[in-house]
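Trainee: pasting the sequence and the predicted coordinates here, then a few questions.
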Amino acid sequence: MATAPKRSNARVGMATNQASNEATLKLALELHQDGDYRAAAALYRAMLQSNQENGQIWGLLGSACRMNGDAAEAVTSLERAVACAPHRIELKAEYAIALAEAEHHQEALDLLDGLLPALQAQNLDAAIVYAAIGDACLALNRYEEAVEHYRIALEKEPQNATASVNLATALQRLDRLDEAIEAYETAVREEPDNLLALNNLGIALHDAGRDDDALPLLQCACALAPDDPSVRTDLAAVLHRSGHLDEAEDALNKALACDAGFARAWSNLGNLLQDRLRLTEARMAHECALAREPADPDYYWNYAMTLLLDGRMAEGFAAYEWRRNKPNFVKAPVVGPEWDGTSPAQQTILLYTEQGLGDSIQFSRYAALLAEMGATVIIACPPALKNLLGTLNQSITVVSAYKDAPLYDRHAPLMSLPHLMRGSIDDIPGETPYLDVPPGTPSPLPARTTTLRVGLAWAGNPKHPADRRRSMTLDRLRPLFDIDGVEWVSLQAGDVSAAIAEAGVPMVEYLPFHNTVDATAAAMAELDLVISVDTLAAHLAGALARPTWIMLPHAPDWRWQIGRNDSPWYPTVQLFRQPAPDDWDSVVSSIADALKDFKPN
């Protein structure tokens with residue numbers, strides 16, 4: 001009997017293998033479509049054992065890995081797919097999307113930007129492409145571009161809850177809070193159990209002052225994920241800022257019971273304990289956070305606030321240097337070496353301000369000290385402070401634009417000087433006045449009509465994170481206005497005539513059209529007393545050595561410390577503290593009693 005040629009056996013084998021591969025591929029695709037990505041990926045890998053150059057299978061494996069959350073293998077597989085089939089633009093697009101999901105944001109953005117015209121030309125620019133570009137822009141802090149691309153993604157796929165959440169996140173970071181809330185609400189309507197949408201919507205509503213709406217959402221998020229320490233920590237943050245300290249502490253303890261290594265919960269617990277004036281415990285909690293994440297600048301910032309409030313200035317200002325690593329720290333456009341604290345004699349040092357005007361006024365004393373130590377000092381500051389800081393020391397040059405600064409040898413942030421000078425609580429240069437009314441500044445006040453003239457500032461910048469507890473309404477100050485023989489002068493920033501009229505209090509506002517730092521200083525020079533919450537007016541009055549009474553919340557800002565009614569920063573300042581959170585009535589009552597006995601110099 002004749003035997004069949006071996007070639008025929010090979011053909012039969014090839015046909016069998018081909019049929020087998022087709023069956024395997026069909027099964028893998030069915031599993032893929034049914035959402036069993038792990039099983040589908042296993043079959044794709046098996047198929048690739050016999051054909052490493054199949055771009056389609058590599059692409060399918062990458063897709064399955066993406067859907068299964070395996071970002072690293074997705075990137076590797078799709079990179080192979082593109083290498084095998086470089087003409088397949090859809091594979092390149094999915095590769096770029098995988099890069100974005102694997103947090104290779106700049107690489108993903110560069111690739112997608114290059115692909116987008118071709119994708120648009122072939123009608124392949126699906127919602128996921130724009131969402132991926134949005135994700136990359138969001139991660140790279142390019143929020144306006146992120147918003148633009150998320151909106152296009154949602155036009156193509158309105159029910160995409162993830163894109164709505166990310167759009168809201170970008171809007172929130174742009175301080176477009178109302179739009180962010182609307183986008184979060186859209187996501188919740190699409191997916192009522194979307195944990196991220198519920199959680200972030202709760203936080204956004206709290207930021208908008210809608211705590212009654214925020215808390216139920218955050219509690220719902222906790223019910224959906226009771227073992228998620230991040231969700232419990234977010235709930236605690238809103239409870240804390242809303243004044244529900246017991247509930248906030250309980251939520252943080254539950255978060256740490258879920259994960260004792262969760263650093264953010266430890267840091268937030270430190271903040272809360274600080275606000276309860278339990279500073280030793282607060283310090284320990286911050287140290288627990290830093291033990292787990294020793295390079296986080298936000299945790300160092302929180303730790304610094306506790307150390308400084310506790311009067312541990314050297315340690316506190318050392319930790320405070322980490323602020324310069326925070327994402328929102330605005331780096332000055334300076335060049336050359338920084339001053340490192342060595343002898344400043346015969347060096348020209350450029351100092352630049354940061355943060356609020358009050359901070360700049362408080363720390364400007366160190367510039368004068370640096371000049372006394374033999375340095376030639378230049379200060380770059382906001383235009384609003386240029387004339388005022390010009391009164392520090394005749395040898396100091398003050399500019400309001402970096403381009404106007406003379407040549408310098410070294411530079412430093414103004415608020416780093418206490419650390420660079422190795423300052424302690426006993427080394428604060430506390431002599432006042434160290435500032436004066438800028439020459440030629442006319443007083444905005446008319447001639448005196450009473451024996452006692454008192455300036456009043458009752459609220460700070462509403463955008464300040466602690467403004468809810470440091471500011472008050474005019475209504476709560478009403479007992480002061482019942483005291484006879486006092487002319488009350490508003491030192492409040494902006495035009496507050498409507499607020500004064502609504503409160504119906506006997507106060508005059510002389511600053512609406514002259515409300516500059518210079519004019520306020522000139523007005524303070526003619527006042528017998530300044531009464532202020534913790535805001536710019538308090539620092540300005542203290543630096544001018546005006547008699548000043550500062551009204552402080554129960555948990556004050558670090559610079560006022562605790563357990564004292566004087567200030568090492570300003571000798572003419574007297575502190576009036578809340579005995580309990582939000583107890584302004586006791587503060588006002590104490591001030592009213594003191595005012596009745598006050599005798600102007």
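Mentor: Looks like it arrived, so ask away.

Trainee: quick one: pLDDT of residue 18?
Mentor: pLDDT recorded at residue 18 is 57.

Trainee: apologies, that question was intended for residue 505.
Mentor: Residue-level pLDDT assigned to residue 505 equals 88.

Trainee: pop the domain breakdown of the chain in here.
Mentor: If you go by automatic domain parsing, the domain ranges for the chain are 226-329, 348-427, 452-596.

Trainee: I'd like the mean pLDDT over the first one, please.
Mentor: This points to domain 226-329. The average pLDDT within domain 226-329 is 96.

Trainee: with the second one instead?
Mentor: Confidence over domain 348-427, taken as the mean pLDDT, stands at 93.

Trainee: report the distance from it to the chain centre.
Mentor: Counting by C-alpha atoms, centre = their mean, to the nearest Å, domain 348-427 is centred 25 Å from the centre of its parent chain.

Trainee: same thing with stretch 593-601?
Mentor: The answer for stretch 593-601 is 41 Å, by C-alpha atoms, centre = their mean.

Trainee: on that earlier part again, need the domains of the chain in CSV with distance to residue 119 and mean neighbour count, can you?
Mentor: Just so you know, the C-beta spots here come from the backbone N, C-alpha and C atoms, and that holds for glycine as well. Compiled in CSV, the domains of the chain are given as follows (distance: least, C-beta to C-beta, whole Å; neighbours: other C-beta atoms under 10 Å):
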stretch, distance to residue 119, mean neighbour count
domain 226-329, 32, 19
domain 348-427, 43, 19
domain 452-596, 41, 18
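
Trainee: report the separation between residue 186 and residue 166.
Mentor: Remark: distance between residue 186 and residue 166 (C-beta to C-beta, to the nearest Å) = 12 Å.

Trainee: then residue 210?
Mentor: With C-beta to C-beta as the criterion, residue 210 and residue 166 are 22 Å apart.

Trainee: more neighbours: which of those two?
Mentor: residue 166 (25 against 13; other C-beta atoms under 10 Å).

Trainee: residue 553 is in contact with residue 581, correct?
Mentor: Yes: if you go by C-beta atoms under 8 Å, residue 581 and residue 553 touch, sitting 7.3 Å apart.

Trainee: what's the overlap in contacts for these two?
Mentor: Common contact partners of residue 581 and residue 553 (C-beta atoms under 8 Å, 6 or more residues apart in numbering): residue 469.

Trainee: not counting its neighbours along the chain, what's nearest residue 575?
Mentor: Using C-beta to C-beta, 6 or more residues apart in numbering and skipping residues adjacent in sequence, the residue nearest residue 575 is residue 565, 4.8 Å away.

Trainee: is residue 550 in a helix, a strand, or coil?
Mentor: Per DSSP: H, G, I helix; E, B strand; the rest coil, the local secondary structure of residue 550 is strand.

Trainee: name the nearest residue to it, sequence neighbours excluded.
Mentor: residue 538 (4.9 Å).

Trainee: quick one, phi/psi of residue 161?
Mentor: phi -70, psi -40 (degrees, to the nearest 10).

Trainee: relative to residue 543, how far out is it?
Mentor: 52 Å.

Trainee: and for residue 214?
Mentor: Distance, residue 214 to residue 543, using C-beta to C-beta: 39 Å.

Trainee: residue 427 now?
Mentor: Counting by C-beta to C-beta, the gap from residue 427 to residue 543 is 18 Å.

Trainee: repeat for residue 306
Mentor: From residue 306 to residue 543 the distance is 26 Å (C-beta to C-beta).

Trainee: which residues of the stretch 501-601 of the chain fall in helices?
Mentor: 517-524, 536-543, 584-596 (DSSP state H, counting those that start in this stretch).

Trainee: what's the first one in contact with?
Mentor: Right, the one you point to is helix 517-524. The contact list for helix 517-524, computed with C-beta under 8 Å, 6+ apart, reads 357, 384-385, 387-388, 435-438, 441-445, 455, 489, 491, 510-511, 530, 536-537, 540-541, 544, 546.

Trainee: return the subset of those lying in strands.
Mentor: When DSSP state E defines the strands, the subset of those inside them is 455, 489, 530.

Trainee: check contacts around the residue nearest to residue 550.
Mentor: 358, 457, 530, 532, 548, 550, 573.

Trainee: apply 10 Å and report the result again.
Mentor: For residue 538, the contact set (C-beta atoms under 10 Å, 6 or more residues apart in numbering) comprises 358, 361-362, 457, 460, 491, 530-532, 548-552, 560, 567, 570, 573, 575.

Trainee: with residue 125 instead?
Mentor: Contacts for residue 125 (C-beta under 10 Å, 6+ apart) come out as 93, 112, 115-119, 152-153, 156.

Trainee: name the helix or strand for the residue lying closest to residue 188 once chain neighbours are set aside, please.
Mentor: Spatial nearest neighbour of residue 188, chain neighbours left out: residue 197 (4.9 Å); criterion: C-beta to C-beta, 6+ apart. Secondary structure from DSSP states H and E places residue 197 in helix 195-207.

Trainee: which residue is the nearest non-sequential neighbour of residue 390?
Mentor: Nearest to residue 390 is residue 398, by C-beta to C-beta, 6+ apart, at 4.7 Å.
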